[in-house]
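1. Take this sequence and fold it.
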Amino acid sequence: MRLLHTMLRVGNLEESLQFYCDVLGMKLLRRKDYPGGEFTLAFVGYGDETDNAVLELTYNWGVEEYNLGDAYGHIAIGVDDIYTTCEDIKKCGGKVVREPGPMKHGSTVIAFVEDPSGYKVELIQTKNQDAKDQEQTQQQLVSQ
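-> Numbering: from 1, shown residues only. Predicted coordinates:
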């Protein structure tokens, strides 16, 4: 088994595609209208669906807004340089709702951005974090 995709209902498909593709750098993998059901599906991601989990953006024709509820958390994306990524997102018109910094009660550097429908996307610093984790593991092994 493997995770295939996560579906998000969006109120404006074109704005959402612009955000996920132009701002976050995903690729539009496929898109199809379903006239009988009055909806459109667009799949976006960082790689081919055969090897990567992707996002399914569902646009129900004529529905421009959803109540996101309080059960939804966020999507998480790993980035090499979170500070540059957040600046690039702002330059593209994206909304950074939590600036980069350490997470509460931890040292992992995170930030949050918001898509046009209000969904939160967490950015997690991966490059330097991996080196820190390896260093801590080495120190723990040496001290044992």
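2. Where do the domain boundaries of this structure fall?
-> 1-63, 74-144 (automatic domain parsing).
3. Out of those, which gets the lowest mean score?
-> Of all those, domain 74-144 carries the lowest average pLDDT, namely a mean of 85.
4. re earlier: now render the domains of the chain as TSV, adding mean neighbour count.
-> Glycine gets a C-beta too; all of them are placed from N, C-alpha and C. Converted to TSV, these look like this (neighbours: other CB atoms under 10 Å):
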stretch	mean neighbour count
domain 1-63	15
domain 74-144	14
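5. who touches Arg98 in this structure?
-> Arg98 sits next to Ile110, Ala111, Phe112 when contact means CB atoms under 8 Å, 6 or more residues apart in numbering.
6. Nearest to His74 among those?
-> Phe112 (7.0 Å; CB to CB).
7. Name the residues linked to the closest one by a beta bridge.
-> Arg98, Glu122 (DSSP bridges).
8. That one and Val121 touch, don't they?
-> Yes. Using CB atoms under 8 Å, Phe112 makes contact with Val121 at a distance of 6.9 Å.
9. Pull up the overlap in contacts between those two.
-> Common neighbours of Phe112 and Val121 (CB under 8 Å, 6+ apart) are His74.
10. Could you confirm Leu28 falls within a helix?
-> No. Using DSSP: H, G, I helix; E, B strand; the rest coil, the assignment for Leu28 is strand, not a helix.
11. For it, give its distance to Phe112.
-> 24 Å (CB to CB, to the nearest Å).
12. got it, and Gly11?
-> Distance, Gly11 to Phe112, by CB to CB: 20 Å.
13. Could you pull out the strands in this structure for me?
-> Ranges of strands in the chain, per DSSP state E, are 5-9, 27-34, 39-45, 54-60, 75-79, 95-102, 109-114, 120-125.
14. what comes into contact with the fifth one?
-> Defining contact as CB under 8 Å, 6+ apart, one finds that strand 75-79 is touched by Thr6, Leu24, Leu55, Thr85, Tyr119, Lys120, Val121, Glu122, Leu123, Ile124, Gln125, Thr126.
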